[in-house]
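Enquirer: no letters, just coordinates:
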């Protein structure tokens, strides 16, 4: 709650906003108070004995994988890509948002600006990015020099 636009004041504005549907407000209050009816909470109030994730179990059963060592069903787990049952949905939401941001940046682009997003359809690590011929980073500086300068900058920041 210490981040900008995530403070108690911002939350208060959201909760008293008449345009926000009640079910959204209720879900937000349940998430903050930790009483979303997931297995972990249901077990805490003695309504369920098993805390393993039902979505992960169902996803593993569908692909005939082992249902042993299932993670605990918690609010954070279900809303992450680590939940086998929700991974496809979470990834699809991530890609939808990324495409929207990319389209917005492209729409705002003017001829004077030379900003270009180089990986609109996929994510790349710096090492994969460095190997692509199109960008020819080696002509600018060596990878070792970049690594060394990055580490120097990190050290200066930590002081």
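Expert: Now that the structure is in, tell me what you want to look at. Predicted model, so just to flag it, every value in this text is computed and none were measured.
Enquirer: run through the helices of this protein in chain order.
Expert: 8-16, 22-33, 39-44, 54-62, 75-78, 87-108, 126-131, 143-158 (DSSP state H).
Enquirer: same for the first one, what does it pack against?
Expert: The elements that helix 8-16 packs onto, with contact taken as 3 or more CB pairs under 8 Å, 6 or more residues apart in numbering; DSSP states H and E, are helix 22-33. For every residue, glycine as well, the C-beta is placed using N, CA and C.
Enquirer: so for the helix it packs on, mean pLDDT?
Expert: Helix 22-33 comes out with an average pLDDT of 85.
Enquirer: where among the helices of the chain is the average confidence lowest?
Expert: helix 126-131 (a mean of 70).
Enquirer: give me the neighbour count for residue 17.
Expert: 11 (other CB atoms under 10 Å).
Enquirer: check the one 5 residues further on too.
Expert: Taking other CB under 10 Å as the neighbour definition, residue 22 ends up with a count of 7.
Enquirer: separation between it and residue 30?
Expert: 12 Å (CB to CB, to the nearest Å).
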